[in-house]
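Enquirer: Predicted structure and sequence below. I'll ask about it afterward.
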Amino acid sequence: MNGMKKWQKLKNHLGILPSIIVMLLLFWSGILKSFQQIFDYKLLEKVINKGEFLNSLVYTAKLSLCSIILVGLISLLGIYVLYLLSTEVDLIKLNGIKMFFLSPMYIPYLLGGYMISNLIGQSGIISTLCYRLGCIHKMDQFPILVNESHGYSIILTYGWKASPFVVLMVYSTMIKINNEWLDVAKVYGVNRYHFFKEVVFPIIFPIYLSSLFVVFAHIFASFEVPYLLGVTYPRTLPVLAYEKYARNSIAHRGEVMVINSIIILLTASVALIIYKLNRSLGERVELELEK
Amino acid sequence: MVFILAVLFPFIPLILGSISSGWRFGEILPSNYSIDGYKYVLKSRSTWVGMGYNLSIAYIVAVINLFLAIPAARFLFRKKSRFKGIYMVILFAPLIIPSLSSVLGIHHSMIIYGLTDNLLGVILVNIIPSFPYVLLSLYGSFKGFPKRLEESALIDGVSKFQMYRYIILPILLPGILIGSTISILISLSEYILTLLIGGGEIITLPILMFPYLSSGDKVVGAVYAILFILFNVVGILLFELGIRFGLKKITKIK
């Protein structure tokens, strides 16, 4: 009887077991393997005491922060434009415009980075335009914006590539807001800007914030764009880990694993923040929309 | 209008760059045009090998993802379990935690089990970043799917297999299409995992074009970029057609 029950239980879980096993074997075993080394105190101390690591950490944090500020601004502008349009055009047209806004999402990061470097590089388009307009007289008068240590091109790539994601996330909440509210507000002499600021924005704010955190974690851990557009020093943490590993995997393995586990810990804590934000603020939104 | 230009702007120089020859600094439009870049890229054998590998990896990964994710999404949506929270964490974690970190961790074991430098290993690591997205889109499409439909079918005495075939698959079609599209997009442009595990034996388009992109080669880089964008679009359309056709055969729905 007992065995029967157990079998029943297992049978219930049959749907999810294969994917759990695959994810445990492929993903979580790697995470745990990385974590084996962090308890090696000496190794941890060695990694942290190297200036290289701290520099990379600060650099990565700075890049991610600047990027999400840019993403925040661009996506807010996009959301505002979509909101203004949503009060004017019908849904089919709006969906078309939305698809257009989202188009950078479908371009791989690698190509996005390449396009941005073509745009703002020293021999790029903006430089050429400046030359034509007479702002500069030689190519090297144009500031170096690609493959330099501030990572301007990296930030710009993320601003262009990641903003649509935030717009997409916010849009699905925004269209739930009743247009009739605006009509009521108009009766009281409120214009669209004020309505957006006082009514729409507070409702979309939680989802806006949590998608910015998603973008932050994503940028923090991303590899391709900084690898393509960055310089050899300072490097972002994922690039540092990979290059150390690729150069001499046996000798640096311990160090790489420590760096790895620090990346994992940081992104996981961001994930925790997102979860908490979604839980507490998300409920409030639901309540407010139901009212 | 300004926004439209801002989004489209980066594409124009790509197209111009790919058909130029010797686009010198200071010229708004290139003064000489040629298709040498296309000739060079399309004549090289590795481009075609790369596209073949790229497409087969992406398709196989997408199919595996669907097979794993459909029952998993159904479980997460329908069944009650104490461990549901833990399952969610296990399955959705790669959305935030980078898969490169995990793959660096298991690389050593993969070498021991002979999973590096071959297609199988590359396919396995490509599952990691794409699976959560497939699960997410399928989970979403379960939302409009009444449980009563499944229950009444079970009362009528259909088998589990028949239920998947005639009820679940047709209703999930939109989720399956979105999920596989995302999966293919992710696998097609995966660079570092494929490079690390494929060890230079498995060549894909991103690996081929990376040196040209980073050196800022205007002609060949641009040709590869355009080729890659077209390749993405065609690859996804073909897969969607295949899925629609396959599901029609399986579910016998007109």
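Expert: On my side now, so go ahead. Numbers count the residues shown, from 1 in each chain, chains lettered A, B, ... in the order given.
Enquirer: Show me what from the stretch 51-200 of chain A comes close to chain B.
Expert: A:78, A:81, A:100-101, A:103-104, A:106-111, A:113-119, A:121, A:123, A:125, A:127-129, A:131-132, A:139, A:146, A:160 (C-beta under 8 Å from any C-beta of the partner chain). Glycine gets a C-beta too; all of them are placed from N, C-alpha and C.
Enquirer: which among these end up buried?
Expert: With burial judged by 16 or more other C-beta atoms under 10 Å in any protein chain shown, the buried subset of those is A:78, A:101, A:104, A:107-111, A:113-119, A:121, A:123, A:125, A:127-128, A:131, A:139, A:146, A:160.
Enquirer: Return the set of buried residues in the helix or strand hosting B:L185.
Expert: Using DSSP states H and E, B:L185 sits in helix B:169-188. Within helix B:169-188, the residues scored as buried using 16+ other C-beta under 10 Å are B:169, B:171-173, B:175-188.
Enquirer: Report the entries of these that also contact chain A.
Expert: B:L185, B:L188.
Enquirer: ok so, going back, for the helix holding B:L185, name the packing helices and strands.
Expert: helix B:45-78, helix B:119-141, helix B:218-251 (3 or more C-beta pairs under 8 Å, 6 or more residues apart in numbering or on different chains; DSSP states H and E).
Enquirer: ranking those helices by burial, who's on top?
Expert: The highest average neighbour count among those, using mean count of other C-beta atoms under 10 Å in any protein chain shown, belongs to helix B:119-141 at a mean of 23.
Enquirer: just the angle between that helix and helix B:45-78, please?
Expert: Per axes from the mean of the first three to the mean of the last three C-alpha atoms, to 10 degrees, the angle that helix B:119-141 makes with helix B:45-78 is 40 degrees.
Enquirer: can you give me the mean pLDDT across helix B:119-141?
Expert: The average pLDDT for helix B:119-141 rounds to 92.
Enquirer: now the angle from the host helix or strand of B:G105 to helix B:119-141?
Expert: Per DSSP H and E, B:G105 falls inside helix B:99-112. Relative orientation of helix B:99-112 and helix B:119-141, computed by the same axes, to 10 degrees: 140 degrees.
Enquirer: Quick one: residues contacting B:K43.
Expert: Taking C-beta atoms under 8 Å, 6 or more residues apart in numbering or on different chains, we find B:K43 in contact with no residue.
Enquirer: Pull the number of nearby residues for the residue of the stretch 151-291 of chain A found nearest chain B.
Expert: Scanning the stretch 151-291 of chain A for the residue nearest chain B gives A:A221, at 3.5 Å (criterion: C-beta to the nearest C-beta). When neighbours are defined as other C-beta atoms under 10 Å in any protein chain shown, A:A221 has 23 of them.
Enquirer: A:I263 now?
Expert: 24.
Enquirer: Okay, angle between the helix or strand containing it and helix B:99-112 too, please.
Expert: Taking DSSP H and E as the definition, A:I263 sits inside helix A:249-290. In terms of direction (the same axes, to 10 degrees), helix A:249-290 departs from helix B:99-112 by 140 degrees.
Enquirer: does any part of helix A:249-290 sit near chain B?
Expert: Yes. Using C-beta under 8 Å from any C-beta, helix A:249-290 reaches chain B at A:249, A:253, A:256-257, A:260-261, A:263-264, A:267-268, A:270-271, A:274.
Enquirer: Then stretch A:14-26?
Expert: Yes. Looking at stretch A:14-26 against chain B by C-beta under 8 Å from any C-beta, the contacts come from A:L14, A:G15, A:I16, A:P18, A:S19, A:I20, A:V22, A:M23, A:L24, A:L26.
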